[in-house]
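[1] Prediction below, plus the sequence it came from.
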Amino acid sequence: MMNNMSELIDKLKKGAVDRCRERIIEAQQNPKEKSVTTNNCRQNHGLTSHSKKMRGL
């Protein structure tokens with residue numbers, strides 16, 4: 001049973017790394033508009049507000 005759990009955990013880790021790798025490649029191929037710098041954001045809004053704005057929330 002312990003061996004199966006280790007294999008399952010390794011499989012989940014590999015899947016997560018593969019998904020992250022795909023997202024990074026996709027982001028490099030489709031660059032977004034120039035993002036607002038953190039310093040400029042802090043002058044006008046809080047860090048949380050900036051994060052929500054960047055994610056469309």
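    Right, received. Where do you want to start?

[2] Where is the longest helix in this protein?
    helix 2-29 (DSSP state H).

[3] Please read off the pLDDT at Lys53 from the model.
    Looking at Lys53, its pLDDT stands at 77.

[4] Quick check: it vs Asp10, distance?
    38 Å (Cβ to Cβ, to the nearest Å). The C-beta positions use only the backbone N, C-alpha and C, and glycine is treated the same way.

[5] Then Arg19?
    15 Å.

[6] Kindly report the same for Arg21.
    Arg21 is 16 Å from Asp10, by Cβ to Cβ.

[7] low pLDDT regions in the chain?
    For the chain, the stretches with pLDDT under 70 are 1-2, 33-45, 57.

[8] Same question for stretch 7-23: list its buried residues.
    Of the residues in stretch 7-23, none has enough neighbours to count as buried (16 or more other Cβ atoms under 10 Å).

[9] do stretch 48-57 as well
    His50.

[10] what's the spacing between it and its chain's center?
    Chain-centre distance of stretch 48-57: 13 Å, with Cα atoms, centre = their mean, to the nearest Å.

[11] again, but for stretch 20-31
    Distance, centroid of stretch 20-31 to centroid of chain: 10 Å (Cα atoms, centre = their mean).

[12] With only the CA atoms kept, save it in PDB.
    Taking C-alpha atoms only, stretch 20-31 is exported to PDB below (Å, rounded to 0.1, in the frame of the first residue of the first chain):
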ATOM      1  CA  CYS A  20       2.800  24.500 -15.100                       C
ATOM      2  CA  ARG A  21       5.300  24.000 -17.900                       C
ATOM      3  CA  GLU A  22       2.500  24.200 -20.500                       C
ATOM      4  CA  ARG A  23       1.200  27.400 -18.900                       C
ATOM      5  CA  ILE A  24       4.600  29.000 -18.900                       C
ATOM      6  CA  ILE A  25       5.100  28.100 -22.600                       C
ATOM      7  CA  GLU A  26       1.700  29.500 -23.400                       C
ATOM      8  CA  ALA A  27       2.300  32.700 -21.600                       C
ATOM      9  CA  GLN A  28       5.600  33.200 -23.500                       C
ATOM     10  CA  GLN A  29       3.800  32.700 -26.800                       C
ATOM     11  CA  ASN A  30       1.000  35.100 -25.900                       C
ATOM     12  CA  PRO A  31       2.400  38.000 -24.000                       C
END
